[in-house]
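Q: got a predicted structure here, sequence first:
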Amino acid sequence: MSTPKKLPSGNWRVRIYDYTDSAGKQHYKSFTASTRREVERLVRQYQAEDHIHGDEDLTVSQAVKGYIDLKEAALSPSTIAGYTRVWNNYIAESPVGKVKLSLVTEKTLQRFISELVGRGLSPKTVKCTWQLVHPALKMYTKKSYEVTLPSQIRPQLHTPTDAEVSALIRQISENRELCIMVLLCAYGPMRRSEACAIRFDDIDGDFVTVQRSIVKDKNKEWIVKPTPKTYASFRTIQYPHQVIEYIGRGIGPLITIKTPDQLSEQFRHAVRNAGLPHFRLHDLRHYGASILHAIGIPDEYIIKRGGWATDGVMKRIYRDTLSDVEQEMNSRIIAHFSAGLDDIKHDTEKKKALKTRASRVEPRRLEPETAKSDKLKNSKEA
């Protein structure tokens, strides 16, 4: 970067080389700001977004890696770790990764998507890969590309019932750390990353405050992130007093010392040993939200308690139908419709019975007109 110079006006200016025209004349781009720090920031931003390494000569792999590096300070460590994993696995050494940006076309990118599908990757993985590649290309080329992604497959997840959650808690009651995770995730509902980051001083009476999370960084190391997943995830949850009593008090910084992966592995074994259908630790969050919905809690309170920014995710994923609640609802539905059908059947049978009875009554015989006249005449004479 050229050295910033202070102008007579008090502002700071930097001129950087832009290009050389056909006549051999060099052209420069000028940046001006009120402070030296600000003008240096403008130059760095310009170089990063538009002219880093001569964008046309960059490959797709270099562009995606550059995009990840530029975003590292702004995004969650777990998000950067996910981006880095996608780049390593599907982009860095792939044929499309070696293509220069100047040669990228929609046909090139569609072929890349088809290759991912051909490798047997799930539609979700393919979509996540595209959601990294596309904004990276757009940042460097200022172009938007359209491709056809494979249709998403709805995951076959099991949301545990009240009885299954109770059976699991009985099974793990002596595994203190795992039981704490289950109680916080099921009755919050909390995310696994939030529950593992709860400190004893986050508990005040029956209230637990969520204000940090534990995530993996790009080096696959677990770190305490000073914020939860989203801004809406900052929240205070009131728990049943029995949960707080079970957690108790401690002297360590966190209420658990095991990593989220260790707890998930213990959870998987506990579910199997309890003879329960397979479900994940995260599915307890589904359970909590679904129960709140089933007992009639308004969506706005479920969203706030669960830490969702909007109701989109909750409605799409977390309002699963619980099998035991579904059975009860089905029974109520069948009872309602059956009552109406019973009334119809009763009315139909009643009409049929009346019709049958009427058909069995002997019709009344009509007297001839002459006989009726004679009777009338005799009655008058009498």
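A: Ah, there it is.

Q: how about the host helix or strand of I180: buried residues?
A: With secondary structure defined by DSSP states H and E, I180 is part of helix 176-187. Across helix 176-187, burial judged by 16 or more other Cβ atoms under 10 Å covers 177-187. Quick note: C-beta positions are derived from backbone N, CA and C, even for glycine.

Q: can you list contacts of it?
A: Contact with helix 176-187 is made by 165, 168-169, 172-173, 190-192, 194-196, 198, 208, 239-240, 243, 246-247, 255-258, 263, 266-267, 270, 281-282, 284-285, 287-288, as judged by Cβ atoms under 8 Å, 6 or more residues apart in numbering.

Q: which of those residues fall in helices?
A: Judged by DSSP state H, helices contain the following of the contacts of helix 176-187: 165, 168-169, 172, 192, 194-195, 243, 246-247, 263, 266-267, 270, 284-285, 287-288.

Q: which of these count as buried?
A: 165, 168-169, 172, 192, 194-195, 243, 247, 263, 266-267, 270, 284-285, 287-288.

Q: immediately after the strand or helix carrying I302, which helix or strand?
A: Applying DSSP H and E as the criterion places I302 in helix 299-306. Next helix or strand after helix 299-306 toward the C-terminus (DSSP H and E): helix 311-313.

Q: what mean pLDDT does that next one get?
A: For helix 311-313, mean pLDDT is 75.

Q: helix or strand right after it?
A: Per DSSP H and E, helix 311-313 leads on to helix 323-360 as the next helix or strand towards the C-terminus.

Q: packing partners for that next one?
A: Using 3 or more Cβ pairs under 8 Å, 6 or more residues apart in numbering; DSSP states H and E as the contact criterion, no helix or strand is in contact with helix 323-360.

Q: quick one: that helix to chain centroid distance?
A: Centroid displacement of helix 323-360 relative to its chain, using Cα atoms, centre = their mean, to the nearest Å, is 43 Å.

Q: how is the protein partitioned into domains?
A: Domain ranges of the chain: 1-36, 52-153, 162-320, per automatic domain parsing.

Q: could you dump those domains into CSV with distance to K345 added?
A: Below are the domains of the chain laid out as CSV (distance: least, Cβ to Cβ, whole Å):
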stretch, distance to K345
domain 1-36, 84
domain 52-153, 44
domain 162-320, 33
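
Q: quick one: contacts for the closest residue to Q211 other than its chain neighbours?
A: In space, and not counting its chain neighbours, Q211 is closest to F234: 5.9 Å by Cβ to Cβ, 6 or more residues apart in numbering. When contacts are counted by Cβ under 8 Å, 6+ apart, F234 touches 210-211, 227-228, 307.

Q: repeat the analysis, applying 10 Å as the threshold.
A: When contacts are counted by Cβ atoms under 10 Å, 6 or more residues apart in numbering, F234 touches 209-212, 227-228, 307.
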